[in-house]
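J.: Mind folding the following:
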Amino acid sequence: MFKEYIDNCKRAIVASVCDLITYPSVSNFNDNSHFPFGKDCSDALKYFLSLASSFGFRTKNLDGYCGYAEFGEGSELIGIVGHLDVVPANEKDWNYSPFIPTIENGCIYGRGAIDDKGPVVSTLYAMKAVYDYCIDNNIKIDKRVRLIVGLNEEKDWKCIEYYKKHEEIPSISFSPDADFPCIYAEKGVLSLLISSDIMNGYPIQIEDINCDNNAINVVPKFCSVILKLSKRNVRFNYLITFLKDLISRYNYEIDIYTIDSEHIKLTSYGSSSHSAHPELGVNAITKLIVVLNELFKKFNIKFPLFSAFCAYIGDDYLGTNMNIAKTDESGHLTLNTSQLYMENNKICIGMNLRIPIHTTIDEVISIFYKYFSDFNIDVLSRTEPLFIDKNDKLVSTLCNIFNETCNTNYAPIAIGGATYARAFNNCVSFGMNFPCSEDMCHKVDEFVEIDKLILATDIYAKAIYKLLE
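T.: Numbers count the residues shown, from 1 in each chain. Have a look, this model is predicted:
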């Protein structure tokens, strides 16, 4: 019904995704009434609203927090929820410039290509396909379809909170911010900060830590520390030899650099992935903490926070030594040590956990208070799990549309990520990462396959049309 129309829009769809990628829309909340998440986010929203308006849709900018495009009439509102903000991208790590879109190998490369600018453009053109089809065939549209786009999804969700305070809540909705065929369950999400005072007066001191301001929901691929050594108490060559042997024994990728006669720098390297899948990355922070803990023990330096960390977590994304490795139909509990820094004379370790749907967040917090009782524990954020029955009409409808279009027989799935499906009741995530495809969300050289972008647009158009019935 929509395939030929969407195929004819292929160049325009690709161009629109590329245009949006050019905005480096990393969300940074501030007190500017015109640009609450920064000018780049505001400009990305203005582009989206201008494009939607050119399609004949009603649009609204909600004070720079978010916006929407809508068509149709009637009291019932069908929602689609996506976002235009992106996680940071370090250009030196990319083969392609993250904010200069590149088309190569049948893909669009650039930050936001799959999370979530590509999917937002896909659903917008799907709305256009349905709208034009109904107009051309004199089909009355007696429900409204509204594509809501936020600008702070990757951080605090202040955008969607603002929307819910000021605008109508959809009666049913989906979010193109995860995986096909359809997601019926999402794990709970917990971010914690564990900190302790810096211990002074020892022959080896941590003088600086740098993790490139790694986001709490990303597996860190880089972390460095600068250590200051006491000439009187530490034999320099012996320390370097010990570190080299230690790093070799663990088979970690950690470089040692001599700055001067009193300072050395340790740089740990890993590979990034989304916190929902820490097993797909290599954590640079955990490896460095393990090495530092061994070093401090060798020189009889008491560093209780690192000792406790290595005893109960270490280089383990499941946290098994704390007996928190719960599992159920939504999968394992996972733990990503995503931040390490110094602040106000304290060492701070930030963690992001994805908690199975039948384990409460409070239960996990209580376990941390048990094992880390000697330290400061701050709950940075918590997001309750999402669960909708697999047999729910919305879940089955969307799943069936995907399977019919792709000639597959996939069942709905559970994930560890937190998507915009949690924004509203009766909302699920629906694409646009395809089964068996590499998930490039938050990764270096993020891309979307053009053929799948166009196929997803056809799937979304069929879904919108079905929900309008």
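J.: Run through the strands of the stretch 101-250 of the chain in chain order.
T.: Ranges of strands in the stretch 101-250 of the chain, per DSSP state E, counting those that start in this stretch, are 102-104, 107-109, 144-150, 172-175, 178-179, 183-186, 188-197, 204-210, 222-229.
J.: Relative to Ser271, which of those strands is closest?
T.: Ser271 lies closest to strand 222-229 among the strands of the stretch 101-250 of the chain, at 9.9 Å (Cβ to Cβ). In short, each C-beta sits where N, CA and C put it, glycine included.
J.: And the contacts of the closest one?
T.: For strand 222-229, the external contacting residues (Cβ atoms under 8 Å, 6 or more residues apart in numbering) are 203-212, 214, 236, 239, 259, 262-270, 284-285, 288, 292, 340.
J.: so how far is Met351 from Ile365?
T.: For Ile365, the distance to Met351 equals 12 Å [Cβ to Cβ, to the nearest Å].
J.: where do the contact lists of those two overlap?
T.: Residues within reach of Ile365 and of Met351 at once, by Cβ under 8 Å, 6+ apart, are Leu192.
J.: Between these two, which is the more surrounded one?
T.: The neighbour comparison of Ile365 against Met351 (other Cβ atoms under 10 Å) goes to Met351, with 22 against 17.
J.: State the distance from Ser330 to Pro385.
T.: Computed as Cβ to Cβ, the Ser330 to Pro385 distance reads 8 Å.
J.: Quickly list what's touching both of the two.
T.: Counting by Cβ under 8 Å, 6+ apart, the common neighbours of Ser330 and Pro385 are Ala185, Glu186, Lys187, Pro356, Ile357.
J.: quick one: which of these is nearest Val14?
T.: Ranked by distance to Val14 (Cβ to Cβ), the shared contacts of Ser330 and Pro385 are led by Glu186 at 30.0 Å.
J.: mind giving me the domain ranges of the chain?
T.: Residue ranges for the domains of the chain, per automatic domain parsing: 3-186+387-468, 188-383.
J.: what's the most buried one of these?
T.: Among the domains of the chain, ranked by average contacts under mean count of other Cβ atoms under 10 Å, first place goes to domain 3-186+387-468 (a mean of 20).
J.: now do the same end-to-end measure for that one.
T.: The first and final residues of domain 3-186+387-468 sit 18 Å from each other (Cα to Cα, to the nearest Å).
J.: now it: mean pLDDT?
T.: For domain 3-186+387-468, mean pLDDT is 95.
J.: ok, now stretch 225-242?
T.: The average of the pLDDT scores along stretch 225-242 is 84.
J.: Quick one: distance of that stretch to the chain centre.
T.: Centroid separation for stretch 225-242 versus its chain: 39 Å, with Cα atoms, centre = their mean, to the nearest Å.
J.: now do stretch 254-263
T.: From the chain centre to the centre of stretch 254-263 is a distance of 34 Å (Cα atoms, centre = their mean).
J.: again, but for stretch 170-180
T.: On Cα atoms, centre = their mean, the centre of stretch 170-180 falls 16 Å from that of its chain.
J.: Using CSV, list the CA coordinates for that stretch.
T.: What follows is stretch 170-180, C-alpha atoms only, in CSV (Å, rounded to 0.1, in the frame of the first residue of the first chain):
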residue,chain,number,x,y,z
PRO,A,170,-1.7,10.0,24.0
SER,A,171,-4.1,7.2,24.6
ILE,A,172,-1.8,4.7,22.8
SER,A,173,1.7,5.2,21.4
PHE,A,174,5.0,3.7,20.3
SER,A,175,8.6,4.8,20.3
PRO,A,176,11.0,4.1,17.3
ASP,A,177,14.0,4.1,19.7
ALA,A,178,15.0,0.5,20.2
ASP,A,179,14.3,-2.8,18.4
PHE,A,180,12.0,-4.7,16.1
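J.: rewinding a little: can you put the shared contacts of Ser330 and Pro385 in a markdown table and add distance to Asn90?
T.: Shown next, in a markdown table, are the shared contacts of Ser330 and Pro385 (distance: Cβ to Cβ, whole Å):
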| residue | distance to Asn90 |
| --- | --- |
| Ala185 | 33 |
| Glu186 | 28 |
| Lys187 | 28 |
| Pro356 | 32 |
| Ile357 | 34 |
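J.: wait, what's in contact with the residue nearest to Pro36 when sequence neighbours are not counted?
T.: Nearest non-adjacent residue to Pro36, counting by Cβ to Cβ, 6 or more residues apart in numbering: Gly64, 5.0 Å away. If you count contacts by Cβ under 8 Å, 6+ apart, Gly64 has them with Ser33, His34, Phe35, Pro36, Phe37, Cys41, Ser42, Leu45, Leu151.
J.: what do you get for Phe402?
T.: Phe180, Pro181, Cys182, Thr408, Tyr410, Phe430, Gly431, Ile459.
J.: for Tyr65, same thing?
T.: Pro36, Phe37, Gly150, Leu151, Asn152, Lys158, Cys159, Tyr162, Tyr163.
J.: how about the nearest residue to it, chain neighbours excluded?
T.: Residue nearest to Tyr65 in three dimensions, not counting chain neighbours: Tyr162, with 3.9 Å by Cβ to Cβ, 6+ apart.
J.: Can you verify my assumption that that neighbour contacts Asp63?
T.: Yes. Here Tyr162 reaches Asp63: they are 7.3 Å apart, a contact under Cβ atoms under 8 Å.
J.: just to revisit the earlier point, export the contacts of Tyr65 to TSV and append columns for distance to Phe424.
T.: TSV is the format used below for those (distance: Cβ to Cβ, whole Å):
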residue	distance to Phe424
Pro36	21
Phe37	21
Gly150	12
Leu151	17
Asn152	16
Lys158	16
Cys159	14
Tyr162	14
Tyr163	10
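J.: Among these, which lie within helices?
T.: Of the positions in those, Lys158, Cys159, Tyr162, Tyr163 sit in helices, assigned by DSSP state H.
J.: from those, which is closest to Phe306?
T.: Lys158 (34.0 Å).
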